[in-house]
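> sequence and computational prediction follow.
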Amino acid sequence: MKFRIFIKGVPLFTLLKGLPWFIRDYLLIKKQAAASNMAFPFGKFYPCLEEKNAESGSASGHYFHQDLLVAQRIFLNNPLKHVDVGSRVDGFVAHVASFRPIEVLDLRDLHASIENVHFKKVDITDRNFSLRDYCDSLSCLHVLEHLGLGRYGDRIDYNGHLIGWENLYKMLTKGGKLYFSVPIGEQRIEFNAHRVFSLKYIMGMIDGLYRIDVFSFVDDSGDLHKNVALTDELIHKNLGCHYGCGIFELTKK
């Protein structure tokens with residue numbers, strides 16, 4: 001019964017393909033166990049039927065590429081003080097903390113004590129935001145699209161992304177670097193998960209405030225395209241993305 005419950009969610013094709021070798025390997029290891037001292041008794045079945053023919057890991061998608069790419073850029077640029085707003089602690093923040101201190105601001109609590117990670121509970125959509133000229137390096141990865149949609153306990157605000165954008169600008173010193181990423185494609189809200197931004201809209205947000213130093217993006221297939229020159233045609237077509245990820249490295253003017 002335990003076996004049947006565990007494999008309930010396994011696709012039929014995977015089940016049919018994997019069960020023969022699972023049974024073969026199980027009978028073999030039981031035979032080997034009988035001939036040994038049985039230091040490890042057998043517990044309940046825990047069949048893992050998908051890994052045998054899989055690759056060694058996943059090296060694609062928005063988070064994998066943005067986290068690694070931006071962490072590498074921060075390492076190369078070596079700022080005086082790097083602060084992150086809302087990015088994943090178990091991804092990007094951990095990457096950066098492996099080689100330098102990073103201050104993390106988030107609306108949600110973080111109770112864990114992590115070396116090189118300094119946490120402050122801050123609401124980036126606060127209209128009375130007080131952190132000005134706070135750092136020379138700032139990241140906000142896959143966060144702006146959520147602001148104001150209530151998904152993470154934030155208050156509902158249709159323009160929450162614009163308030164957050166303004167406060168990021170206030171935090172950064174003149175000449176400082178902003179690394180940010182958002183989903184790109186046909187502009188829309190998929191409530192209450194996220195917004196998807198058109199490149200034309202993003203360019204309007206950036207105009208007059210920042211210089212674009214580097215632009216990269218992850219396409220709909222999860223592949224990274226580095227150092228892309230944003231032409232009018234590419235902007236108009238959103239790089240052919242329905243749900244891609246635009247990754248910007250900007251310098252505050």
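In hand now; what should we look at?

> what comes up buried for the strand ranked longest in the chain?
In the chain, taking DSSP state E as the definition, the longest strand is strand 172-184. Judged by neighbour count (16 or more other CB atoms under 10 Å), strand 172-184 contains these buried residues: Leu172, Thr173, Gly176, Lys177, Leu178, Tyr179, Phe180, Ser181, Val182, Pro183, Ile184. Every C-beta, even on glycine, is put in place using the N, C-alpha and C of the backbone.

> could I get those in TSV, plus columns for pLDDT and distance to Tyr201?
Output for these, formatted as TSV (pLDDT from 0 to 100; distance: CB to CB, whole Å):
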residue	pLDDT	distance to Tyr201
Leu172	98	21
Thr173	98	26
Gly176	98	23
Lys177	98	22
Leu178	98	17
Tyr179	98	19
Phe180	97	14
Ser181	98	15
Val182	98	10
Pro183	98	12
Ile184	98	10
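
> closest to Phe64 among these?
Ser181 (12.2 Å; CB to CB).

> tell me the contacts of the closest one?
His62, Gln66, Val70, Cys140, Leu141, His142, Cys245, Gly246, Ile247, Phe248 (CB atoms under 8 Å, 6 or more residues apart in numbering).

> which strand residues bridge it?
Note on Ser181: beta-bridge partners by DSSP bridges are Leu141, Ile247.

> check the gap between it and Lys174 for me.
23 Å (CB to CB, to the nearest Å).

> what do you get for Asp223?
Asp223 sits 35 Å away from Lys174, going by CB to CB.

> same deal with Ile29?
Separation of Ile29 from Lys174 (CB to CB): 65 Å.
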